[in-house]
Every structure is written in C-alpha cells, then in structure tokens.
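Colleague: Next come a sequence and a model predicted from it.
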Amino acid sequence: MKQGNFFPVRVIVCIAAMVMLSAGTAWSQAGPAGDASLSSAVHDLQQQVQELRAAVSEMRSEAAQYRAETAELRRELQQQRGKVAGNQPGSLYGAASAVAPETSSAAATATTAPAGSSLEQRVSVLEDSTQLLNSKVDDQYQTKVSSASKYRVRLSGLALLNVFSNRGVTDNQDIPTWAVPRTPFSAAGNFGATLRQSEIGLEVFGPRLAGARTSGNIQVDFAGGFPNTFNGSNFGLLRLRIASMHLDWDHTSVVAGQDDVFISPLSPTSFASLAVPAFSYAGNLWGWIPQVRVEHHFDVADNQHITVQAGILDNVTGEPPYDSYLRIPQAGERSSQPAYAGRIAWTRDVAGQPLTVGGATYYSRQDYGFHRHVDGWAGMADVSVPVGQKLALSGEFYRGVAIGGLGGGIGRSVTFSGDPTQPTSSIQPLRSIGGWGQLKLKATPKLEFNGAVGLDNPFAEDVRGYSSASSYLSSLVQNRSALINFIYRPRSNLLFSTEYRHLRTQEVDREHWQADQVNMIMGILF
C-alpha cells in the first residue's frame, strides 16, 4: 500500500533558521526602529510552524491508518488462501467456486479507500487492487491443467457407464449396429456393462498467426479393442478419435487433422452409442478421417448467414486394414488422389434457435487392382428445424455409390462375384440410399426426450449375384434402427439416461434378423 507524501520536519527547521537569520541581519541593519516589524515577523513564523506541525501530525495519523488497513487486507487474504488450500484436491469445481469469493472479497476490500482521500491516494488503492486481481487471475489460469508452454490448456472428458440388456443376437454386444442370424451356439439374449465409451479430450490455445487464433484438439476413448488377458473385455484399449489443428479468423477457418466428416455434421442424440455415432451403418454417414478443409461464413442479413466448406480427405473405402502393423494402401489410396468434399448451408435464427438447411457432395476414386476402377460419389442434405420453444426436428439424407468409407451401404463400397484377389472376379459398385430423422422434446432445461429412426438401403440388384458368400454381411440389403430415450441432467456435470433401441437387418432373400437393447446410462462430465 502506498503512503501519502508529507513535508519532512528537518526541512521545516532549516527554513525557520534561515528566516530567523535573515530577520536578525535585518534587525542589526535597521536598528531599534525595526523592533515592531521584527516582532510581527517572528509571530507569523511561529504560527506557520505550528500549522506545519499539525499537518505533519495529521499525515502521520493517516499513514498509520493505511498501514493498519493493509495489514487487515493481508490477513483476510491469507485466511481465504487457507480456505482454498483446505478444499479436496480432486474437486476442480470446488476449487474454482472457493477462489471466486476470495477474489471478489479481496477486490471489494482493496478498492475501498477512506472517505476524504486525495486523488493520488485513491489511484494508489486502485493500482494495488488491480495487481491483486491480476495475480489471482494468473493463479486460476493454470488451476486445472498446467502446460509446459505459456499457452492455455483445457482438459475435458466424460466418464460413462453403460449397463445394457439385449434381446436377440447383435453384431456387437455393448454397441450394436445391426442384428445377426441365430446360431446353435448363440444365446437369445445377454446382459453386461462397460465403461469403454468414456472419453478424454485436451484443447490447447496457441498464439495468433497471421491474424488467426490457433488451437488444437485431441480426443481419445477406450473402444479400440480388448487386451488379451483375463476379463480383458472390460478393460478396453486407447483409441484416437480426433486430433485436429485450427486457424480461425473472424469469418474464415482452416482445419487440418483427423476430424468428423464435415459434410455430415449432425447425429442423433444418444449416450448409449458414443464409440460410434448412433445409427452408424443405418442411415448416418460418419467417420473420423484425416482431412484438410476451409470454411467461410457470409452474413446475408442481421440474423442469417451462409456457410461454405470445402476440403480433401484421406480416401477411405470401409475396408479393414490389410495388416495389423504395416499400413498397406487400400483401394482409395491406391488411386493416388484424395477424396473431395464440399458443403453449403443456410442458417437463420428463429426464436433464438438456429434453423439450418444444408447440402453436400462427395467424390472418391478407387482402384481395386487388375484395372478395376470405381468412381464413388454421394449427394447429401441435412436439416435442423426448431418447432416452438421445446420441439426440434433434425435429420440427414443421402444417395450415393461406393461410400462404404462413410458408413453407407452398411459399410461396403463394392461387391465381388468371387475372390477379390483373383482377376477373374468381377466387381459391382454398391449403390445405396438412406438417412435418419429425430424429434427432440426439451421438457425442462434438465430433461429432454428423443425419438429417432434410421435406414440404410443398398440396392438389392447390386448385391444379388455379386455377393462373394464369404460372410452374411456381403448379402445384406437393408439395415434399420430406431431409438427412444430420455436424458436427465440434475447438474451441469452429471447425466442419466435410459434408451430403448430396435435393430433390424434384412438379407437379399428377404429373411431378416432383429434385436432389441435396453441401455441404462450414467455419466460425469469434466
């Protein structure tokens, strides 16, 4: 705390001595005739000295008061720090809430100056309070995650528990995407639980580059398979989902890395299926694919804008890896060119909610060897329409050829008449059509209900006669899925949900298999 300046006593004494000296000299020169004027001068000087002594005494009193207030402020600050240190070390939200009162209380105390203070003193108090607030902000800047660099890092994630019960036979017990035929070994149902869909995310906010804000994002989960050990089905292996870098100007963005397919931006709401989006291979095109894209926003009115996106993507075709350790080029990558995609969307605010209509295109050149080339393409549309304050409709629709890399055609891009490694086997690009739609009811800010249906429909004539009969999957011509769920968020970082899901897969000869799943979900966001 700065103190007010005051006139030193020794300076006053020196001035008084000089005045008296000059007065004595004048008296000796003037003689007895100047006695009256000398007495008057001495009286005035004594009065001034008394006034200066009173001013010095008042300044000393004010300085003592400022010291006492500074000591009290320090004591209160130490008490608040002790309270923060006493919080549970794992409670990030508790630490943040404890520091907020400390900052506000300290600021209120520091910015309170005594009544009648001078402008300089008030400025001094404000400077001290600003320094205090800046120090507390700096402390909170790295409270949750510290970075090896000077740039801010933010940790996020979701601890998700799924407890599920299946009726029928599914391709995957905890995250089913289609129903499979019954075998003598398979059971009519099953029950289990998993935390493999828990996620961890990390964001870093870097410096400005050419006027753009830079940032990075990494997201992983534990749905990458199972370790070969006892009860390993409950453990899960780490899997990279998203790793992207962003350059953001006011209306333009450049994104590079592994990210969602930007031409299919929506997905049904479902916490029972986070390892893959809901309705994957049943009408919802998706993928975490390496890409580079550019986005630009045009403002066309006060509450309307148009978004244009274009980019290139790794040319994936839906094939499983040819080797577990070596990356061998697949059909899309053997074409020596990437996949191309673009999207344009119009958005308008309606009653505080976005109304969006978008359209997208996709092209992929594929090479399956022995001069067997395929041109894959797709046209897509997405829509999000608010209906009043509590209802909303959303959905996506597509028509394409050889889009197994995006989940179309139930994950297949082509079908073969025989062994694909033999030049005598003919190839058929697989056409497909599909989409999904969802109705959302937000009953309260904490409770919402969702109902959705999805369909992926490969053309039967492309499957019939070309399925290699290597598995039942090669002869599927339709995959349908439906879900109903409710999601309750009692607090901002907690959620509960119950979901019912029905799956139905149809074979080329019109036989079908179906299964149902009931999924109980509990999650904690951080």
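Modeller: Looks like it arrived, so ask away.
Colleague: contacts, neighbours, all on C-alpha from now
Modeller: Fine.
Colleague: just checking, what packs against the lengthiest helix in the chain?
Modeller: Longest helix in the chain by number of residues (criterion: DSSP state H): helix 35-85. Judged by 3 or more C-alpha pairs under 8 Å, 6 or more residues apart in numbering; DSSP states H and E, helix 35-85 is in contact with helix 9-30, helix 92-110.
Colleague: How far away from the center of its chain is it?
Modeller: In this view, helix 35-85 has its centroid 55 Å away from the chain centroid, taken as C-alpha atoms, centre = their mean, to the nearest Å.
Colleague: Just list the residues touching Tyr500, thanks.
Modeller: Tyr500 is in contact with Leu483, Ile484, Asn485, Asp516, Gln517, Val518, Asn519, counting by C-alpha atoms under 8 Å, 6 or more residues apart in numbering.
Colleague: Just flag the most distant two among those.
Modeller: Pairwise distances across the contacts of Tyr500 peak at 13.5 Å for Asn485 and Asp516 (criterion: C-alpha to C-alpha).
Colleague: ok, Thr194 to Thr269 distance?
Modeller: Look at Thr194 and Thr269: by C-alpha to C-alpha, to the nearest Å, they are 19 Å apart.
Colleague: Same check on Val316?
Modeller: 26 Å.
Colleague: coming back round to it: and the contacts of Tyr500 as CSV, adding pLDDT, secondary structure and neighbour count?
Modeller: Output for these, formatted as CSV (pLDDT from 0 to 100; DSSP: H, G, I helix; E, B strand; the rest coil; neighbours: other C-alpha atoms under 10 Å):
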residue, pLDDT, secondary structure, neighbour count
Leu483, 97, strand, 23
Ile484, 98, strand, 19
Asn485, 97, strand, 22
Asp516, 97, strand, 22
Gln517, 97, strand, 25
Val518, 97, strand, 20
Asn519, 97, strand, 24
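Colleague: Is it possible to get a markdown table of those residues that adds distance to Thr498?
Modeller: Below are those laid out as a markdown table (distance: C-alpha to C-alpha, whole Å):
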| residue | distance to Thr498 |
| --- | --- |
| Leu483 | 10 |
| Ile484 | 8 |
| Asn485 | 6 |
| Asp516 | 13 |
| Gln517 | 11 |
| Val518 | 7 |
| Asn519 | 6 |
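Colleague: Out of these, which is nearest to Gln131?
Modeller: Nearest to Gln131 among these, counting by C-alpha to C-alpha, is Asn485 at 50.9 Å.
Colleague: who's in contact with the closest one?
Modeller: Ser270, Phe449, Asn450, Gly451, Ser497, Thr498, Glu499, Tyr500.
Colleague: tell me which of those is nearest to Ala188?
Modeller: Of the contacts of Asn485, the one sitting nearest to Ala188 (C-alpha to C-alpha) turns out to be Tyr500, at 17.4 Å.
Colleague: Report the separation between the closest one and His512.
Modeller: Applying C-alpha to C-alpha to Tyr500 and His512 gives a distance of 20 Å.
Colleague: just Pro184 next, same as before
Modeller: Distance of Pro184 to His512, given as C-alpha to C-alpha: 17 Å.
Colleague: So in that sheet, which strands flank the helix or strand harbouring Ala443, and in what orientation?
Modeller: Using DSSP states H and E, Ala443 sits within strand 431-444. When pairing is defined by DSSP bridges, strand 431-444 lines up against strand 391-401 (antiparallel), strand 447-458 (antiparallel).
Colleague: Pipe those into JSON lines and attach mean pLDDT, mean neighbour count and distance to Gly224 per row.
Modeller: Listed next are those as JSON lines, based on pLDDT from 0 to 100; neighbours: other C-alpha atoms under 10 Å; distance: least, C-alpha to C-alpha, whole Å:
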{"stretch": "strand 391-401", "mean pLDDT": "97", "mean neighbour count": "21", "distance to Gly224": "27"}
{"stretch": "strand 447-458", "mean pLDDT": "97", "mean neighbour count": "22", "distance to Gly224": "25"}
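Colleague: Reformat those as JSON lines; add distance to Ser146.
Modeller: Converted to JSON lines, these look like this (distance: least, C-alpha to C-alpha, whole Å):
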{"stretch": "strand 391-401", "distance to Ser146": "39"}
{"stretch": "strand 447-458", "distance to Ser146": "35"}
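Colleague: Tell me the secondary structure of Phe191, please.
Modeller: Classification of Phe191 using DSSP: H, G, I helix; E, B strand; the rest coil returns strand.
Colleague: which residues does it bridge with?
Modeller: Ser165.
Colleague: got the contact list for the residue nearest to Arg213 when sequence neighbours are not counted?
Modeller: Nearest non-adjacent residue to Arg213, counting by C-alpha to C-alpha, 6 or more residues apart in numbering: Asp248, 5.1 Å away. Asp248 makes contact with Ala212, Arg213, Thr214, Val254 under the criterion C-alpha under 8 Å, 6+ apart.
Colleague: which of these lies closest to Gly311?
Modeller: Closest to Gly311, out of all of those and judged by C-alpha to C-alpha, is Val254, at 9.6 Å.
Colleague: Surely that closest one is in contact with Ser244?
Modeller: No - the pair Val254 and Ser244 fails to qualify as a contact (C-alpha atoms under 8 Å) at a distance of 10.3 Å.
Colleague: By mean pLDDT, which helix or strand of the protein comes out lowest?
Modeller: helix 92-110 (a mean of 40; mean pLDDT, DSSP states H and E).
Colleague: still on that earlier bit, which of Thr194 and Thr269 has more residues huddled nearby?
Modeller: Thr269 (22 against 18; other C-alpha atoms under 10 Å).
Colleague: Using the record, which stretches count as separate domains in the protein?
Modeller: Here the domain assignment for the chain is 9-141, 152-481+492-499+517-525, based on automatic domain parsing.
Colleague: Out of these, which gets the lowest mean score?
Modeller: Here the lowest mean pLDDT among those goes to domain 9-141, at a mean of 61.
Colleague: hmm, back to that, so can I have JSON lines of the domains of the chain showing distance to Thr505?
Modeller: Output for these, formatted as JSON lines (distance: least, C-alpha to C-alpha, whole Å):
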{"stretch": "domain 9-141", "distance to Thr505": "46"}
{"stretch": "domain 152-481+492-499+517-525", "distance to Thr505": "5"}
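Colleague: Lovely, talk soon.
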